[in-house]
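K.L.:
below: sequence and its predicted model.
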Amino acid sequence: MRGRPPRSTQSSSAAASDVYKRQEKQQRRSFSAEEKLAIVMETERPGATVSSVARTHGIVTSVLFRWRAELGFGKAARARLAGVTVDNHAGGHSAQPVVLHNILPIPDGMMTVELGNGRRVFAPKGSDVEEVRRRATPMGET
């Protein structure tokens, strides 16, 4: 006789079949494009982590990282905007808006069109510059 009590095979096989039954009942959840985007946007909130957002929604982190990649998040560091104060020549601060050119790179296949009000817009290469200006300039502005 051994020192250990005999193990019952019935209980372990019953437990195993119970696990399989539960797995069969669980169906794979599907998320709409809007739901995926909303969940991914939660990861962009200050202090949020991918793992905490995934836990909240009951999904694994690898799925959330895949969604982020599919939606173009996390490929490069997000741009951070800095506050800028411009001193005018009179010694005070200027309340006029300041246009800072060459901050954004020109997207592939696009060109810049300077507008009469000092702004500029991107338009597909080969666009009619005057038509772009006409459409981009609000009524009454030149």
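P.N.:
Arrived safely, thanks for sending. Being a predicted model, the structure only gives us computed values, none of them experimental.
K.L.:
can you map out the strands along this structure?
P.N.:
Ranges of strands in the chain, per DSSP state E, are 110-114, 120-124.
K.L.:
buried stuff in the first one?
P.N.:
To tie it back to what came earlier, the one meant is strand 110-114. Val113 (16 or more other CB atoms under 10 Å). No exception for glycine: its C-beta is placed from N, CA and C like everyone else's.
K.L.:
and it, what's its mean pLDDT?
P.N.:
Strand 110-114 comes out with an average pLDDT of 88.
K.L.:
thinking again about what came up before, mind putting the strands of the chain in JSON lines, distance to Val50 included?
P.N.:
As requested, these are exported to JSON lines (distance: least, CB to CB, whole Å):
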{"stretch": "strand 110-114", "distance to Val50": "32"}
{"stretch": "strand 120-124", "distance to Val50": "31"}
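K.L.:
of the ones you listed, which is nearest Thr43?
P.N.:
Taking CB to CB, strand 120-124 is the member of those nearest to Thr43, at 27.9 Å.
K.L.:
convert the C-alpha atoms of the closest one to CSV, please.
P.N.:
Extracted in CSV, the C-alpha atoms of strand 120-124 (Å, rounded to 0.1, in the frame of the first residue of the first chain):
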residue,chain,number,x,y,z
ARG,A,120,-1.8,78.5,-45.0
VAL,A,121,-3.6,75.2,-45.8
PHE,A,122,-2.6,71.9,-47.3
ALA,A,123,-4.1,70.8,-50.6
PRO,A,124,-3.4,67.9,-52.9
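K.L.:
what strands line up against it, and which way round?
P.N.:
Here strand 120-124 is paired, per DSSP bridges, with strand 110-114 (antiparallel).
K.L.:
could you export the partner strand as PDB, CA atoms only?
P.N.:
In PDB, the C-alpha atoms belonging to strand 110-114 read as follows (Å, rounded to 0.1, in the frame of the first residue of the first chain):
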ATOM      1  CA  MET A 110       0.200  67.600 -50.600                       C
ATOM      2  CA  MET A 111       1.300  71.200 -51.100                       C
ATOM      3  CA  THR A 112       0.900  74.300 -49.100                       C
ATOM      4  CA  VAL A 113      -1.200  77.300 -50.200                       C
ATOM      5  CA  GLU A 114      -0.700  80.600 -48.600                       C
END
